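Undergrad: sequence below, structure please.
(one chain, ligands or ions: 2)
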Amino acid sequence: MAATSRGTSPVPPDVRPRLTVLSGPSGVGKSTVVAHMRSVHPEVWLSVSATTRKPRPGERNGVHYFFVDDEEFDKLIANGELLEWAEFAGNRYGTPRRAVLDRLEAGEPVLLEIDLQGARLVRQSMDDARLVFLAPPSWEELVRRLTGRGTEAPEVIERRLAAAKVELAAEAEFDTTLVNTSVEDVARELLALMLQA
Ligand SMILES: Nc1nc2c(ncn2[C@@H]2O[C@H](COP(=O)(O)OP(=O)(O)O)[C@@H](O)[C@H]2O)c(=O)[nH]1
Ligand SMILES: Nc1ncnc2c1ncn2[C@@H]1O[C@H](COP(=O)(O)OP(=O)(O)O)[C@@H](O)[C@H]1O
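TA: Numbering: from 1, shown residues only. Ligands and ions are numbered 1, 2, ... in the order given. Below is the predicted model:
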């Protein structure tokens, strides 16, 4: 995409960027799609969440998440530093508020990769947010991806699949659904949605 008056930003000058929320069941491929999009468009900004979950091998503090303990997470909530937060499969996750608002005020598109509860909270507080649901091609493929990733113990996978059933039932609450068959196609479609007025 051609450079614009915003320098490295992919945003055409006449578009007012807004908040895009990407949600979908664990294992559907959210991180993979976002990583691919950012490899093609490194200038796209993704909010880094705080979480009480332990890092997986290869995950880096401040890059994939801000890894905090329960006490630190309590403080973030108490100080009003989170735009939203939710408990998911036994851990807490939250979006740091200031960084998101700064980016939006600077006229840059913002992407949040958060769970269904978080998406609902964002919808309540920011009514022009666009909610995008990432769906698997089939339930069997979702189970295959979540299991194949090999990062969770069997009981954790069970919890995540139980949460996935709830998330899949909420698809109609989203503005758009993208089916993650091809990572490249979905990443392209997601970026196009982020840049749409
Ligand atoms: N509400 C909320 N959910 C989040 C946040 N960050 C991550 N999540 C969601 O928490 C869930 C679990 O994330 P994670 O443990 O990284 O597992 P994965 O998404 O399956 O790789 C996913 O649905 C994420 O989208 C956040 O800041 N707020
Ligand atoms: N379109 C796709 N086709 C096949 N496998 C995929 C696709 N997208 C993601 N995956 C694989 O599925 C697994 C889960 O993806 P991940 O991005 O970790 O999901 P999420 O962030 O939604 O939990 C990973 O092993 C990833 O390589």
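Undergrad: so what's the residue nearest to the spatial centre of the chain up against?
TA: Nearest to the geometric centre of the chain sits Glu113, at 0.5 Å (C-alpha atoms, centre = their mean). For Glu113, the contacting residues are 22-23, 30-31, 34, 46-47, 49, by C-beta atoms under 8 Å, 6 or more residues apart in numbering. (C-beta placed from N, C-alpha, C; glycine too.)
Undergrad: relative to Glu152, which of the residues you listed is nearest.
TA: Ranked by distance to Glu152 (C-beta to C-beta), the contacts of Glu113 are led by Ser31 at 13.5 Å.
Undergrad: just to revisit the earlier point, next step: the contacts of Glu113 restricted to strands.
TA: Judged by DSSP state E, the contacts of Glu113 include 22-23, 46 as members of strands.
Undergrad: among the residues you listed, name the buried ones.
TA: 22-23 (16 or more other C-beta atoms under 10 Å).
Undergrad: quick one: the ones in strands among the contacts of Glu113 as TSV, columns for distance to ligand 1 and pLDDT too.
TA: Below are the ones in strands among the contacts of Glu113 laid out as TSV (distance: C-beta to the nearest ligand atom, whole Å; pLDDT from 0 to 100):
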residue	distance to ligand 1	pLDDT
Leu22	8	98
Ser23	6	98
Leu46	10	95
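Undergrad: can you redo the ones in strands among the contacts of Glu113 as JSON lines with distance to ligand 2?
TA: Listed next are the ones in strands among the contacts of Glu113 as JSON lines, based on distance: C-beta to the nearest ligand atom, whole Å:
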{"residue": "Leu22", "distance to ligand 2": "9"}
{"residue": "Ser23", "distance to ligand 2": "9"}
{"residue": "Leu46", "distance to ligand 2": "12"}
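Undergrad: adding distance to Glu84, write the ones in strands among the contacts of Glu113 out as a markdown table.
TA: Listed next are these as a markdown table, based on distance: C-beta to C-beta, whole Å:
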| residue | distance to Glu84 |
| --- | --- |
| Leu22 | 14 |
| Ser23 | 12 |
| Leu46 | 16 |
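Undergrad: contact residues of this structure facing ligand 1?
TA: By C-beta under 6 Å from any ligand atom, the residues of the chain that approach ligand 1 are 26-27, 30-31, 49, 53, 84-86, 88, 93-95, 113-115, 117-118.
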